[in-house]
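Engineer: Sequence first, then the predicted structure, then my questions.
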Amino acid sequence: MSPRLVWGGLIGHAALMSWLLSFNPWVVLVVAGLFEVMWASGIKYVGVQRPLLSLGVAAALIASMVGLWIATQKLPVGTAYAVWTGIGAVGAATVGIMVYGEPATAVRAVCILLIVAGIVGLKLFSGAH
């Protein structure tokens, strides 16, 4: 399915929605979480002087929200939201340490691991497949 057909209006709204909802919601949620990391990490540098970066951050924010919305159509909203924000928090903390030189202390590492454990636990015990 070409983007031109989708965005050109030749395929109806219902077909587009059906196509979006056909993806595995857990995969969509992880991708949305990665977009969450992108916008959260890039927001530090948004501004009038950096229009392309600002547009990229806005696009990542929109993609993240749309992905979360798609995932919540099939997953419990509380689980999806917690996993989404957890991926964003762990990813942003990791980017902060690796890219922005933020402190990499043992306490921070333990806290990040606790968030990861919570994400895994929510996935395992959500009751959704």
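Structural biologist: Received, thanks. Computed from a prediction, not measured in an experiment: that's the story for all the values here.

Engineer: Contacts only, for residue 97.
Structural biologist: By Cβ atoms under 8 Å, 6 or more residues apart in numbering, the residues touching residue 97 are 103-104, 108. No exception for glycine: its C-beta is placed from N, CA and C like everyone else's.

Engineer: try 7 Å
Structural biologist: Contact analysis of residue 97 by Cβ atoms under 7 Å, 6 or more residues apart in numbering lists residue 104.

Engineer: what about the helix or strand containing it, average pLDDT?
Structural biologist: Secondary structure from DSSP states H and E places residue 97 in helix 77-98. For helix 77-98, the mean pLDDT works out to 93.

Engineer: Tell me how far the nearest residue to residue 30 once chain neighbours are set aside lies from residue 108.
Structural biologist: Nearest residue to residue 30, sequence neighbours excluded (Cβ to Cβ, 6 or more residues apart in numbering): residue 87, at 6.7 Å. To residue 108, residue 87 is 17 Å away according to Cβ to Cβ, to the nearest Å.

Engineer: neighbour count winner among those two?
Structural biologist: residue 87 (23 against 14; other Cβ atoms under 10 Å).

Engineer: Contacts only, for the more buried one.
Structural biologist: Residue 87 makes contacts with 30, 33-34, 36-37, 119, as judged by Cβ under 7 Å, 6+ apart.

Engineer: can you put those residues in TSV and add secondary structure?
Structural biologist: Rendered in TSV, the data for the contacts of residue 87 read as follows (DSSP: H, G, I helix; E, B strand; the rest coil):
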residue	secondary structure
30	helix
33	helix
34	helix
36	helix
37	helix
119	helix
